[in-house]
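1. okay, sequence plus prediction incoming.
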Amino acid sequence: GAGVSQSPSNKVTEKGKDVELRCDPISGHTALYWYRQSLGQGLEFLIYFQGNSAPDKSGLPSDRFSAERTGGSVSTLTIQRTQQEDSAVYLCASSFLAGDTQYFGPGTRLTVL
Amino acid sequence: GNSVTQMEGPVTLSEEAFLTINCTYTATGYPSLFWYVQYPGEGLQLLLKATKADDKGSNKGFEATYRKETTSFHLEKGSVQVSDSAVYFCALRPGDGANSKLTFGKGITLSVRP
C-alpha cells in the first residue's frame, strides 16, 4: 500500500475487556514497530519486529500486552483486561530495514471507560 | 539509558517569525537524531534527520545541526508559516546498530498566527 495503515482508527472499550489493534506496514518493509502516545508519558516504544528474528519486547508495560506479526507483514497488538491507564493513541511504524527511516501510520485512539 | 529533552511548550508565534525549538539528548556512542512532525489530524512524519556529528538536516525550510559537544539538535526556521502549526518531536536512535527503536522527547505544540 501507499503507507502504513492501522485499524480501527478509534476504539472505545470497557475496563476489563480485551482489544486487538491491527497494523498493515508498507509492502516490503521488514521492520515493524509499535509505539504508544499518551498525555502523561509522551511517545513510548512498545515492541519491535525485524524479519524472522525474535521481537524486542522490552517496551511492553505489562504482561497484559502482546503482539504478533504473521507472515512477516500484518501485526496485531493485543491488550488483555484493559485498564483506564491503557487509554492512548497506539502508533505503528515500519521501515525497509532496521535502522532505516520509520514511517508511521495514523494511529488507533483507544479509550478505556 | 537514552533520553531526549525538549523545551516546554506550547509555543505561539506570528507568521514570518523566527523559530527555535530546543532539543538535547543523552545517549552512549553516536546516535542518529531526528525531528518528526505531527500535523493536526495526521500521523507522524519525518521532518529531517542527521546521522553523525556536525551533520545538518534540512527540509521545508527547517534546519537542525547535530552538535555532539553540546548533545543538542535544535530545530530552527527563519520564517514560520501558519501551515507549520503542528506538534514537533525530537527523537534519537542508538548508533550501536543493535536496536533501532526510537526514543522521543515529549513534543512541543507550535501555533502560528496569521
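-> Good, I have the coordinates.
2. need phi/psi at residue A:72.
-> Geometry field for residue A:72 lists phi and psi as phi 70, psi 20, criterion degrees, to the nearest 10.
3. am I right that it is in contact with residue A:51?
-> Yes: under the criterion of C-beta atoms under 8 Å, residue A:72 lies in contact with residue A:51, with a separation of 6.8 Å. Any C-beta I mention is one placed from the backbone N, CA and C, and that applies to glycine too.
4. compare neighbour counts for those two and give me the winner.
-> Using other C-beta atoms under 10 Å in any protein chain shown as the criterion, residue A:72 and residue A:51 rank with residue A:72 on top: 14 against 11.
5. next one: stretch A:47-64 to chain centre, how far?
-> Taking C-alpha atoms, centre = their mean, to the nearest Å, one finds stretch A:47-64 lying 10 Å from the centre of the chain it belongs to.
6. where does pLDDT dip in the chain?
-> Answering for chain A, as no chain was given. For chain A, applying pLDDT under 70 flags the ranges A:1.
7. my bad, the chain I had in mind was chain B
-> Confidence mapping of chain B against pLDDT under 70 gives the ranges B:96-99.
8. and it, which residues reach chain A?
-> B:36, B:42-46, B:49, B:89, B:91, B:93, B:97, B:99-107 (C-beta under 8 Å from any C-beta of the partner chain).
9. among those, which are in helices?
-> Within the residues of chain B next to chain A, no residue falls in helices by DSSP state H.
10. return every residue with contacts to both of residue A:72 and residue A:51.
-> Common contacts of residue A:72 and residue A:51, defined by C-beta atoms under 8 Å, 6 or more residues apart in numbering or on different chains, comprise residue A:30.
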